[in-house]
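> Sequence plus the predicted model coming up.
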Amino acid sequence: MASAADAARRAENEKTRSRWLLSAPALVIIFVAAIGPLFVMLAYSFMAKGDYGDVKYGQFSLDGWFSVFLQRDIFDDTIGIAEAHLSIIWRSVRLSVITTAVTLLLGFPTAYFIATRPRHTREIWVFLVTIPFWTNLLIRTFAMQQVIRNEGILNTLLMWLHVIDEPLQIMYSDWAILFGMVYVYLPLMVLPLYASMEKLDFRLIEAGYDLYAGRLAVLRRIIIPLVKPGVVAGSILVFIPSLGAYVIPRVLGGGKNMMIGNLIELQFGAGRNWPLGAALSIALMAAVMVALLFYVRNAARSGAQHG
Amino acid sequence: MARHFDIRSQPGFPLIALFTFAMLYLPIVTLVVYAFNASDSVSQWGGFSLRWFADAWDNSAVQDAALRSIIIALCAATIATIAATMAAIATTRTAPYRGLGVKYAFINTPLMVPEIVTAVALLIVFSRIKVWTGYSGLGYLIIAHTAFCIPFAYLPIRARLESMDSTLERAAADLYATPWMAFRRVTLPLLRPGIIAGFMLAFVISLDDVVITEFVKSGGQDTLPTYMLGQIRRAVTPEINAIATAFLALSVILVTAFFFINRRKT
């Protein structure tokens, strides 16, 4: 009897071992080129900065973290608030929140529109959303730049309609970044919203109307609560890359309108303050993790409700 | 009731939807149209011409960057697809076992960490390794791309595996096929659509990458996206539009193919 149990256990061990062997290449590659470097960066954020970039090895220092929010005056050594950093962080948060809100306002009706099309045309509409989604982010940013430039199509159209007399300077402003982020991240909002609207049971809406609900009440009391998981998923999917945006503010915002991503890059380039760059990166990642945690908790709760 | 009342419709929604689609396509269409512009300007229309495509085609910097992009994407997507297929086999169709959660977390990490964070973390580590080893070839870009391609290759392969009928493999085992034979002759052919889809996703993702490439590349290792990023900051000519249009066409072809491969399976 014992030998049979032994054999079973040995077979089970064998199976576990082969499973680990099979997953090993993927795990090792991801550890070497994604997870491991994050820990190195965490360590870097606690070291003293080198004179020409890099860090002074093994020299512990909290300066990196200190200078995320504070700065030492170079003349009288008093400690003040790093206003430049705060304004960049504030811009990132503000623009990400507005981007999420605008994409939700545009994406919700769009997803609903797709979900209420006849079954055979729905796939085509979804495909139309997927194409921009898979188009290179840089190309889309560049395309948006051509639309909002002073001589671009938007200004030409507005002047032709006599809405404005001279072109609006949109490029190199927060507005340009906002246009770019809404445009680039819109598909990320529409697709999860559509996924949850597709499953919408329209008999519930019919029941609402039977009970004398108006259109607004049906929208507010029936549709929105039912597709809430999609709303949360879409918002998280838009908010997270917006917060970490780098290419869009670099191309559309110019040098002055930086977001956190550009501030991080600056520390590894002209700023030559790697510990600060590392600390900012860890802080950005922590913010993203908090948003994800919120999403996971929300998803778990709505999952529990349904079954 | 005489008037038709559609319970599904919400006032204003179709209008907003059409606005959204117009907004999604207007910039891309503008970009493509101006790629065929005969004049030197990206705003003045000077008639139809293919001169900018010819210019881009003859530009040796563009040729180098395009070739480099394709080499990196082919290597990264191939390695990522093989690694992801193995990992998918080890993590699907089994009862939960110890370490399964860790594997999921590992594989999904590249999707959750902001790109700029991964990019500077890799810059820190690879710049150090470059000094130590003196090697500064394409290997760094290939391994970095492979890592973030793995989750994209993994998703369709795993989805395919989970929808597969495992009785066929058991039948193969009953007929005295060795595990390797059963895999080679039964599992792999059934899995093929998932593997092709995973490879294509990984390929597109690698081809599109800007941020991580920008930070990891050594001097003279521009890929097409980083080359374009550099050019956009300088004076813009329709040549960029032409490159972008060609790039766009490639992406659309790949995505369309992906769409049809995925649809055929269901």
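Thanks, I have it. Numbers count the residues shown, from 1 in each chain, chains lettered A, B, ... in the order given.
> For residue A:153, give me its contacts.
Contacts for residue A:153 (CB atoms under 8 Å, 6 or more residues apart in numbering or on different chains) come out as A:146-147, B:26, B:30. To be clear about C-beta, it is placed using only N, CA and C from the backbone, and glycine gets the same treatment.
> try it again with 6 Å
A:147, B:30 (CB atoms under 6 Å, 6 or more residues apart in numbering or on different chains).
> What about residue A:170, how many residues nearby?
Residue A:170 sits with 21 neighbouring residues when counted by other CB atoms under 10 Å in any protein chain shown.
> roughly how far apart are it and residue A:115?
Counting by CB to CB, to the nearest Å, the gap from residue A:170 to residue A:115 is 33 Å.
> May I ask you to confirm that residue B:255 is in contact with residue A:134?
Yes: counting by CB atoms under 6 Å, residue A:134 is a contact partner of residue B:255 at 4.5 Å.
> Get me the contact residues on the stretch 1-150 of chain A for chain B.
The stretch 1-150 of chain A comes close to chain B at residues A:19, A:22-23, A:25-27, A:29-30, A:33-35, A:37-38, A:40-41, A:44, A:106, A:109-110, A:112-113, A:116, A:132, A:134-136, A:138-139, A:142-144, A:146-147, as judged by CB under 6 Å from any CB of the partner chain.
> What subset of those residues is buried?
A:19, A:22-23, A:25-27, A:29-30, A:33-35, A:37-38, A:41, A:44, A:106, A:109-110, A:112-113, A:116, A:132, A:134-136, A:138-139, A:142-144, A:146-147 (16 or more other CB atoms under 10 Å in any protein chain shown).
> How about the stretch 51-200 of chain B: which residue is closest to chain A?
residue B:114 (3.0 Å; CB to the nearest CB).
> ok now do that residue, which residues does it touch?
A:244, A:284, A:288.
> Quick check: chain neighbours aside, which residue is closest to the second one?
Which is residue A:284. Counting by CB to CB, 6 or more residues apart in numbering or on different chains, residue A:284 lies nearest to residue A:260, which is 5.4 Å off, once chain neighbours are set aside.
> Restricted to helices, list the buried ones among the residues of the stretch 1-150 of chain A next to chain B.
Using DSSP state H, the subset of those located in helices is A:19, A:22-23, A:25-27, A:29-30, A:37-38, A:41, A:44, A:106, A:109-110, A:112-113, A:132, A:134, A:138-139, A:142-144, A:146-147.
> Could you report the neighbour count for residue B:101?
10.
> just residue B:25 next, same as before
15.
> and what of residue A:295?
By other CB under 10 Å, 18 other residues sit near residue A:295.
> got it, and residue A:65?
18.
> Drop anything exposed from the contacts of residue B:114.
By 16+ other CB under 10 Å, the contacts of residue B:114 give A:244, A:284, A:288 as buried.
> so the second one sits in a helix?
Yes: Residue A:284 sits within a helix when classified using DSSP: H, G, I helix; E, B strand; the rest coil.
> thought it was touching residue A:262?
No: look at residue A:284 against residue A:262 with CB under 6 Å: they stay out of range, at 11.7 Å.
> Please identify the residues of the stretch 101-250 of chain B in proximity to chain A?
Applying CB under 6 Å from any CB, we find that the stretch 101-250 of chain B lies next to chain A at B:103, B:106, B:109-110, B:114, B:116-118, B:120-122, B:124-125, B:143-144, B:146-147, B:150, B:208, B:210-211, B:225, B:228-229, B:232, B:244.
> Go again with 7 Å.
B:103, B:106-107, B:109-110, B:112-118, B:120-125, B:143-144, B:146-148, B:150, B:204, B:208, B:210-211, B:225, B:228-229, B:232, B:240, B:244, B:247-248 (CB under 7 Å from any CB of the partner chain).
> and residue 237, what is it in contact with?
With no chain named, the answer covers chain A. Residues in contact with residue A:237 (CB atoms under 7 Å, 6 or more residues apart in numbering or on different chains) are A:188, A:192.
> Oops, wrong one, chain B.
residue B:40.
> Which other helices and strands does the helix or strand that contains residue B:90 contact?
Using DSSP states H and E, residue B:90 sits in helix B:60-91. Contacts defined by 3 or more CB pairs under 7 Å, 6 or more residues apart in numbering or on different chains; DSSP states H and E place helix B:60-91 against helix A:2-30, helix B:100-112, helix B:139-162, helix B:188-208, helix B:224-233.
> Am I right that residue A:125 is in contact with residue A:117?
Yes: Residue A:125 is within contact range of residue A:117, at 6.0 Å (criterion: CB atoms under 7 Å).
> Ranking the helices and strands packed on helix B:60-91 by mean neighbour count, which comes first?
Most buried of the helices and strands packed on helix B:60-91, by mean neighbour count (mean count of other CB atoms under 10 Å in any protein chain shown): helix B:139-162, with a mean of 24.
> Then residue A:168 would be within a strand, right?
No: counting by three-state DSSP, residue A:168 falls outside a strand, being coil.
> In space, what's closest to it - neighbours in sequence excluded?
Once flanking residues are discounted, residue A:168 sits nearest to residue A:155: 6.0 Å by CB to CB, 6+ apart.
> Look up phi and psi at the one you found.
Backbone torsions of residue A:155, given as degrees, to the nearest 10, read phi -60, psi -40.
> do you know how far the residue nearest the centre of chain B is from residue B:147?
Geometric centre of chain B, nearest residue: residue B:205, 1.9 Å, by CA atoms, centre = their mean. Applying CB to CB, the value for residue B:205 to residue B:147 is 11 Å.
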